[in-house]
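1. With the input below, show me the fold.
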Amino acid sequence: MSDELDLGATTEAFGVRQFIGKVNNAMKSTFTPGIWVHGEIESWSNRTQHAYFQLVERDEKGTATIHVSLFANNLRRLQPLLRQHRLTLQDGVKVKVFGVPDVYDGSGKFSLKISDIDPRFTLGDLAAARDEIVKRLIAGGLYDENRERELPAAPLRLGIITSVGSAAWHDAMHELEESGIGFDIKVANVRVQGDEAIPMIVEAIWALGSRDDLDVILLMRGGGSRTDLACFDAEEIAVAIAQCGLPVFTGIGHEIDHSIADEVAYAAYKTPTACASAICELVNEFVEETEDAWGSIAGIAQQQLALAESRLNERGNAIRTKAITAVERAHTHVALSANRLATRPLSLLTTGESQIDYLAERVRLLDPVNTMARGWSITRTTTGATLRKAGDAVSGDDIVTTFSDGTVVSTVK
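-> Residues are numbered from 1 along each chain as shown. All right, here's what the predicted structure looks like:
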């Protein structure tokens, strides 16, 4: 009895290319016109006119992977849709794609040749992930923590976190320099997208936030797609901002962008330029308030000086009147005494002369000329009217200021 296996005359054998063709035909008939598959992009590559990546799914069983091909004609056709929803295909983005399975007969490699994408799936995934992070931040008491930091009235010492040389950097620096304010700036140059962005930004926040020579931190990045800005939705960056020891101002993207970093920051602005402008406005408001306060102080001082001058003049007039009366009485007393000189001792005459000298000295000291010698002056108009306050002066008028040693003529401006 023969031990050889009889496969039968009807057994059909296929060549490799023929077999792959039959497999492809079988898959096409099963998945006509195509199939939707979702997963996360990994190993994205578009160095040629075509794009290739792995679509992966991770669960408790491990990682399942499909090779995906996006050929040039379909890539060009999908670009307007991606731009419309501000999406960029890159590693880490979860997508839902439509295509047909295929085995390439040149290598025997199985892949999914895609021709369409559902942007709502990606946007929904991004929104759901953000909602989960926000819930955790609120539950952990971190959501409002940075807004409890104390912001100086005039934040002049700035820590800036951005990509140096980028448009955001130039726009912000232009705004700060044009303000004319002497800001003291410390810069942390970081990546603002890609795999290195999150750890670099987190490290920069902790480093600048621990310094005692800064007032506020500015975290800025220019516009881009939602996926380009996705790192600013990272929980690590949100936690670093929340726990930063200094107030953090954000200026990320354009007017329509809003990230988790914006939500937990002390203050969030639509663009880097708006962020820098807000800092300038805070300092200018402080300067205006300070100038107003000094103006009020000067006004009060002028009022008090005018009141003191008025009181001094009144008291001087009263003293002058009393002095004149005293002198007149002294003269009368001397005259009476002179009549009695023949019968009074010579010492009486000496006493009278001393009293006259004393009173004369008092009159001399109270004379306005002597008062001006001590530093006072009197300002009058050319008609002789005394100017008692600055408001009485009229621009263009000549005024005459009298000092102890002469006068000065001035013109009011």
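
2. Tell me which helix or strand comes right after whichever strand or helix holds Asn25.
-> Using DSSP states H and E, the element containing Asn25 is helix 16-30. Counting by DSSP H and E, the next helix or strand C-terminal to helix 16-30 is strand 35-45.

3. quick check: mean pLDDT across that next one?
-> Averaged over strand 35-45, pLDDT sits at 92.

4. I'd like to check what contacts stretch 200-216. Which residues are they?
-> Under the criterion C-beta atoms under 8 Å, 6 or more residues apart in numbering, residues 151-152, 155-159, 161, 184, 186, 188, 190-192, 217, 219, 231, 236-237, 240-241, 244-249, 266, 279 lie in contact with stretch 200-216. C-beta: built from backbone N, CA, C; applies to glycine.

5. Point out the ones among these that are inside helices.
-> 236-237, 240-241, 279 (DSSP state H).

6. ok, of those, which one's closest to Glu177?
-> The closest of those to Glu177 turns out to be Ile279 (C-beta to C-beta; 12.4 Å).

7. And the pLDDT at that closest one?
-> Ile279 is assigned 95 on the pLDDT scale.

8. gap between it and Val190?
-> Going from Ile279 to Val190 by C-beta to C-beta, to the nearest Å gives 19 Å.

9. Looking at those two now, which is surrounded by more residues?
-> Neighbours were counted for Ile279 and for Val190 using other C-beta atoms under 10 Å; Ile279 has more, 26 against 21.

10. Count the neighbours of the closest residue to the more buried one other than its chain neighbours for me.
-> Closest residue to Ile279 apart from its sequence neighbours, by C-beta to C-beta, 6 or more residues apart in numbering: Pro155 at 6.1 Å. By the other C-beta under 10 Å criterion, the neighbourhood of Pro155 contains 21 residues.

11. Report the residue spans of the stretch 251-400 of the chain with pLDDT below the cut-off.
-> For the stretch 251-400 of the chain, the stretches with pLDDT under 70 are 298, 334-349, 352, 359-374.

12. Report the buried members of the ones in helices among the contacts of stretch 200-216.
-> Burial by neighbour count, 16 or more other C-beta atoms under 10 Å: within the ones in helices among the contacts of stretch 200-216 this picks out 237, 240-241, 279.

13. Unless I misread the structure, Ile201 falls within a helix.
-> Yes: under DSSP: H, G, I helix; E, B strand; the rest coil, Ile201 sits within a helix.

14. how much space is there between it and Glu236?
-> For Ile201, the distance to Glu236 equals 8 Å [C-beta to C-beta].

15. Also Asp213?
-> Asp213 is 26 Å from Glu236, by C-beta to C-beta.

16. for the protein, what spans make up the strands?
-> For the chain, applying DSSP state E gives strands covering 35-45, 51-59, 62-70, 94-104, 109-117, 157-162, 184-189, 216-221, 248-252, 267-269, 378-381, 398-403, 406-411.

17. Which one of the ones you listed lies nearest to Thr290?
-> Using C-beta to C-beta, these put strand 157-162 closest to Thr290, at 17.9 Å.

18. would you put the C-alpha positions of that closest one in CSV?
-> Extracted in CSV, the C-alpha atoms of strand 157-162 (Å, rounded to 0.1, in the frame of the first residue of the first chain):
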residue,chain,number,x,y,z
ARG,A,157,9.0,91.7,34.6
LEU,A,158,7.8,89.3,32.0
GLY,A,159,8.6,85.6,31.5
ILE,A,160,7.7,84.6,27.9
ILE,A,161,7.2,81.0,26.8
THR,A,162,7.0,80.6,23.0
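
19. Check what contacts that strand and list those residues.
-> Under the criterion C-beta under 8 Å, 6+ apart, residues 168-169, 172, 176, 183-190, 192, 201, 204-205, 208-209, 211, 213-221, 246, 272, 279 lie in contact with strand 157-162.

20. Go again with 6 Å.
-> 168-169, 183-188, 190, 204, 208, 214-215, 217-220 (C-beta atoms under 6 Å, 6 or more residues apart in numbering).

21. List only buried entries from the residues you listed.
-> Buried residues within these, counting neighbours by 16+ other C-beta under 10 Å: 168-169, 183, 187-188, 190, 204, 208, 214-215, 217-220.

22. which residues does Thr386 contact?
-> If a contact means C-beta under 6 Å, 6+ apart, then Thr386 has Arg380 as its contacts.

23. What of Glu145?
-> Ala242.

24. Relative to Asp184, how far out is it?
-> Taken as C-beta to C-beta, the span from Glu145 to Asp184 is 26 Å.

25. Just grab the bridge partners of Leu70 for me.
-> Ala51 (DSSP bridges).

26. again, but for Asp398
-> Counting by DSSP bridges, Asp398 forms beta bridges with Thr411.

27. repeat for the one 4 residues further on
-> According to DSSP bridges, the partner residues bridging Thr402 are Ile378, Thr407.

28. What separation do you get for it and Ala268?
-> From Thr402 across to Ala268, the span is 63 Å (C-beta to C-beta).
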